[in-house]
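Visitor: just to be clear, the model below is a prediction. Sequence and coordinates:
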Amino acid sequence: MKTAKSGKVVRYNKWGYIFLIPFIVVYLLFQFIPLVTTIYNSFFENYRSGLTQIGPNFVGLANYKTIFTNGDMMQYAKNTLIMWVLGFIPQIIVSLLLASWFSDPSLRLKGQRFFKTVIYLPNLIMASAFAMLFFTLFADGGPINSILTQLGILSQPFKFFSNATSSRVLVAFMNFLMWFGNTTILLMAGMMGIDTSLFEAAEVDGATSTQVFFKITMPLLRPILIYVVITSLIGGLQMFDVPQILTNGTGEPMRSTMTLIMYLNKHLFSKNYGLGGALSVVLFIITAILSFAVYNFSNKQD
């Protein structure tokens with residue numbers, strides 16, 4: 001009897017392994033093998049110089065040394081960080097406010113489902129479509145310049161894409177528009193998971209809404225906030241499509257909008273697989289460290 005039951009369990013388990021096969025095949029073909037190949041290529045000199053193919057020649061850690069001794073790498077890392085900060089600060093502030101309003105039953109806001117849908121919609125639009133829209137709106141002869149000129153605010157069209165500050169702000173603003181809805185949903189889910197008896201007790205004790213927010217909501221929302229910060233930082237490191245389309249891949253003006261992934265794309269486009277692989281490995285390590293921090297924090301018990 002026991003043998004028959006164990007045999008039945010084995011037959012059921014077999015189907016579990018069968019259903020895992022497509023995932024394993026896709027993972028091996030499109031993630032694991034490319035990862036191993038990238039790490040392998042990072043130790044080789046492998047590029048084209050005109051019509052001449054150089055390599056592949058084993059150079060050890062020379063590619064990594066080139067990356068860290070090249071001033072461009074630090075400049076592009078700085079650009080990426082600046083644009084991430086410019087987009088993330090208003091994103092977290094607006095998301096906290098919206099999540100607080102939507103999750104507060106005392107406000108009795110009408111049409112909540114409609115507004116939640118509207119703020120999340122930009123997250124469903126392709127970044128390339130967003131970038132093309134902004135490229136058209138803020139072009140030298142675009143609608144924004146026409147309106148500002150007709151209102152007398154500007155005497156002549158402002159070259160948004162020829163100014164380092166305005167270019168960075170536009171990239172950051174687009175990232176803010178695309179992701180604040182997703183952040184709002186995450187924060188709102190965290191707020192709705194807080195025990196309502198804590199708010200009721202604070203109200204009985206005479207606490208103001210500001211005190212409740214900073215003394216109860218924010219401390220209990222800390223795990224979600226840390227998760228949002230770290231995942232947003234990982235997304236910031238991978239910033240590519242918006243500045244790539246806005247600047248046609250040049251990172252102009254004066255490479256002020258050139259990000260790390262755009263820098264990586266240039267190496268791959270020029271078939272410099274050695275440096276491209278080394279840069280990919282560096283970004284992978286940074287992302288892995290941040291992901292490990294998220295995993296540790298989510299499993300940590302206060």
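Guide: Structure's in. What do you need?

Visitor: who's in contact with residue 160?
Guide: 138-139, 144, 166-167, 170 (C-beta atoms under 8 Å, 6 or more residues apart in numbering). Where you see a C-beta, it was placed from the backbone N, CA and C, and this is true even at glycine.

Visitor: could you redo the last one with a cut-off of 10 Å?
Guide: Residues near residue 160 by C-beta atoms under 10 Å, 6 or more residues apart in numbering: 134-135, 137-140, 142, 144-145, 166-167, 169-170, 246.

Visitor: just give me the residue right at the centre of the chain.
Guide: residue 235 (1.8 Å; C-alpha atoms, centre = their mean).

Visitor: mind checking how far the helix or strand hosting that one is from the chain centre?
Guide: For residue 235, the element it lies in under DSSP states H and E is helix 222-237. Helix 222-237 sits 9 Å away from the centroid of its parent chain (C-alpha atoms, centre = their mean, to the nearest Å).

Visitor: which parts of the stretch 101-250 of the chain are helices?
Guide: Using DSSP state H, counting those that start in this stretch, the helices of the stretch 101-250 of the chain run over residues 112-120, 127-137, 143-150, 164-192, 196-204, 209-212, 218-220, 222-237, 241-246.

Visitor: which of the ones you listed sits closest to residue 281?
Guide: Nearest to residue 281 among those is helix 222-237 (13.5 Å), distances taken as C-beta to C-beta.

Visitor: for stretch 184-202, the averaged confidence score.
Guide: Averaging pLDDT along stretch 184-202 yields 86.

Visitor: tell me the buried residues in that stretch?
Guide: Of all the residues in stretch 184-202, those buried under the rule 16 or more other C-beta atoms under 10 Å are 184-188, 190-191, 199, 202.

Visitor: quick check: the farthest pair among those?
Guide: Using C-beta to C-beta, the two most remote members of those are 185 and 202, lying 25.0 Å apart.

Visitor: any weak-confidence spans in the stretch 1-150 of the chain?
Guide: Applying pLDDT under 70 to the stretch 1-150 of the chain picks out residues 1-12.

Visitor: so where's the stretch 151-300 of the chain uncertain?
Guide: 298-300.

Visitor: for the nearest residue to residue 211 once chain neighbours are set aside, list the residues it contacts.
Guide: In this structure, residue 211 finds its nearest non-sequential neighbour in residue 202, 7.3 Å apart by C-beta to C-beta, 6 or more residues apart in numbering. Applying C-beta under 10 Å, 6+ apart to residue 202 gives the contacts 208-209, 211-212, 215-217.
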